[in-house]
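Q: Here's my sequence, what's the structure:
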Amino acid sequence: MAGGAGGGGLPEPAAGAGGGGGGGRGGEKREARRAARRRLERALAGAEGERVGAAEAGAGAAALLGSGLWTRARAVGMYADSPRLREFPTSALLAEALAAGKRVYYPRVEGERMRLLQVFGEGCLRETPPYGLREPPLGRGADGSGSPREDCLSDASGGLDLLLVPGMAFDRSGRRLGRGGGFYDRFIEECVAGARSAGRDRPLLVGLCYSAQVSAEPVVTDPHDAKVDVVLAGRECWAREDLPGQHLDGLPLGGGAGGQRDEGYRAE
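A: All right, here's what the predicted structure looks like:
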């Protein structure tokens, strides 16, 4: 891992072909996204839904912060959650990461490419059209000017140890249904290639979501879609069974309180 945070010989990331068959399943994915959106809206609707969502967000954050994944990571890629899109919140994780002295990087979309740039707090983030997603500016100054922010893929950064990934839906084998832009899939491919070229471990990929976003059936994917290593949904968690055990310490695998590994899934 970056900065000597780990070792343990991480396995190669798995592709999503096991849940998606042949390429080009755009129509199926669009319907799957609509269904996922409806499930999440129902689950988080009203005062009871807000209570459930807050409880799951708190439990998921606590599980991640107490895990080997987190404690071993020195450089973490996160995302600025969108309440409008009902994404799993990350503000508390950012504060904890900075307080622990970790380097933190947030996404910035430039054309078809997504970069992760270093941030030092949420105050630097700027809303961007058309969806109002918050991104870091290029420069470190309050107005976005000044010296450029460090890119997590630059030679100087040393790469990421941990990447937190949002999604519309996940299944219990790590397949992920994104929002259709392909930004995370392309970034993960670039990130893995950079780590391999530099002779270091790739980052561990953790999908953060609510329990209503976890499907008991395989999520629709294409062969190029990257699977995550760990799915963390509130008080439940599923992980690749070939991950080094030290990374999974403290995680509630299979919903159990001691992190049992019998619910792990195989990389396909």
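
Q: Low-confidence regions, the stretch 101-250 of the chain specifically.
A: 142-144 (pLDDT under 70).

Q: at 80 what do you get?
A: 130-131, 141-146 (pLDDT under 80).

Q: Report the central residue of this protein.
A: The residue lying closest to the centre of the chain (C-alpha atoms, centre = their mean) is V165, at 1.5 Å.

Q: Assess the claim that that one and V206 are in contact.
A: Yes: with contact defined as C-beta atoms under 8 Å, V165 counts as touching V206 (6.6 Å). Quick note: C-beta positions are derived from backbone N, CA and C, even for glycine.

Q: who touches both of those two?
A: Common contacts of V165 and V206 (C-beta atoms under 8 Å, 6 or more residues apart in numbering): V228.

Q: ok, the residue nearest to F88 when sequence neighbours are not counted - how many residues close by?
A: Excluding its sequence neighbours, the residue lying closest to F88 (C-beta to C-beta, 6 or more residues apart in numbering) is L208, at 4.1 Å. Counted with other C-beta atoms under 10 Å, residues neighbouring L208 total 28.

Q: same deal with the one 3 residues further on?
A: Other residues near S211 come to 16 when the count uses other C-beta under 10 Å.

Q: Phi first, then psi, for it.
A: phi -60, psi -30 (degrees, to the nearest 10).

Q: How much space separates it from Y79?
A: Per C-beta to C-beta, to the nearest Å, S211 is found 19 Å from Y79.

Q: Just the element for the residue nearest to F88, please.
A: strand 204-209 (DSSP states H and E).

Q: immediately after that strand, which helix or strand?
A: strand 214-215.

Q: other SSEs contacting the helix or strand following that following strand?
A: Later in the chain than strand 214-215, the nearest helix or strand by DSSP H and E is strand 230-233. Contacts defined by 3 or more C-beta pairs under 8 Å, 6 or more residues apart in numbering; DSSP states H and E place strand 230-233 against helix 46-65, strand 169-171, strand 204-209, strand 236-239.

Q: Quick one: the strands in the stretch 1-150 of the chain, in order.
A: 75-77, 103-110, 113-119, 126-128, 133-135 (DSSP state E, counting those that start in this stretch).

Q: Dump these to TSV, plus distance to W238 and mean neighbour count.
A: As requested, the strands of the stretch 1-150 of the chain are exported to TSV (distance: least, C-beta to C-beta, whole Å; neighbours: other C-beta atoms under 10 Å):
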stretch	distance to W238	mean neighbour count
strand 75-77	21	26
strand 103-110	24	20
strand 113-119	25	20
strand 126-128	32	12
strand 133-135	27	19
